[in-house]
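J.: My questions concern the predicted model and sequence given below.
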Amino acid sequence: MRHVQVGNVDVFALVDNVIPYPATAVYPKATDLSRFAHYFQPDGGVALNFGSFLLRDGNTLLLVDTGWGPENNGRLLAELAETGIAPADITAVTFTHLHGDHTGWNFDRASGKPLFANATYLVPKADWDHYSSETPQPDSFTRDVQPLQELGRLELISGEHTFSPSLTAVPTPGHTPGHTSVAIASGTERGFILGDVVISPADTEDPQMENSFDWDHEIARETRTKLLERLANDAPLVGASHLPAPGLGHFVRLDNGTSWRPLP
Ligand SMILES: [Zn+2]
């Protein structure tokens, strides 16, 4: 767990786990991955962080994404305990998107009840529409997301939804249809919870590079390119789900693109 502040907003970076994936599987179409070897493990693995971010703005405690869950030996609850905040204290849970590595801790498997007992679960409508009409629906969707609606615990959000005075949803489509980031603005300070617009520091430097996980490569590339440009200019604190744990840092401008600078 790592805690930083953006103005009056507390940002807690929670690591569910870190799992290596072969770079050749993450970027199957890349012709020269050796230029990014310094970002990969000696055996060519990309050590993907599976991170969530808990944001506190006054009385709002907003958890952004819920990791892979217990099946992958997730540590999210242990990391949350280190913050001193209990699952029942969380007022809202939201999702950058509805892939299974972002919804895993929605339910307590033992009781079958929503783990965040007092939270509203806020789901990007375009992702809900996409996955609820898919055949077959992904297992993680039927297990972790759909039952929230049946329990009346789910609220669909779209556009620039306001979570609290300092926390606003920003649509960043491409990785999935409804992929959504969270902008933080408090006083003169800024932060941005990015989600999966970027998967590893390699595609930060080459935003045109296709990865296996994006839904629409053209839209994803456009979002990635434009957003990196803006984030390198404005230099907010960035929290990114899969960048090296704990996934906090800044984008900086290079001569021919942008680069990721993790917090020291
Ligand atoms: Zn992801």
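T.: Received the coordinates, thanks. Residues are numbered from 1 along each chain as shown.
J.: which residues sit in contact with the spatially most central residue of the chain?
T.: Geometric centre of the chain, nearest residue: G195, 2.9 Å, by CA atoms, centre = their mean. By CB atoms under 8 Å, 6 or more residues apart in numbering, the contact set of G195 is D65, T96, H97, H102, T172, H175, H179, T180, S181, A240, S241. C-beta here means a position set from N, CA and C on the backbone, and glycine is covered the same way.
J.: Assign the nearest residue to the last one once chain neighbours are set aside to helix, strand or coil.
T.: Residue nearest to S241 in three dimensions, not counting chain neighbours: G51, with 5.1 Å by CB to CB, 6 or more residues apart in numbering. Secondary structure of G51, reduced to three states by DSSP: H, G, I helix; E, B strand; the rest coil: strand.
J.: close enough to count as contact, G51 and V11?
T.: No. Using CB atoms under 8 Å, G51 is not in contact with V11, being 11.5 Å away.
J.: Now do the end-to-end distance for stretch 198-218.
T.: Distance between the two ends of stretch 198-218: 14 Å, counting by CA to CA, to the nearest Å.
J.: Mind listing what's buried along that stretch?
T.: Buried positions in stretch 198-218, judged by neighbour count with 16 or more other CB atoms under 10 Å: 198-207, 209-211, 213-215.
J.: Now that stretch: average pLDDT?
T.: Throughout stretch 198-218, pLDDT has a mean value of 95.
J.: just stretch 120-137 next, same as before
T.: The pLDDT scores in stretch 120-137 average 97.
J.: and it, how far apart are its ends?
T.: Chord length of stretch 120-137, first to last residue, is 23 Å (CA to CA).
J.: Are it and the ion in contact anywhere?
T.: No. Stretch 120-137 does not reach the ion (CB under 5 Å from the ion); its nearest approach is 12.3 Å.
J.: Can you give me the buried ones in that stretch?
T.: For stretch 120-137, the neighbour count (16+ other CB under 10 Å) marks T120, Y121, L122, V123, P124, K125, A126, D127, W128, H130, Y131 as buried.
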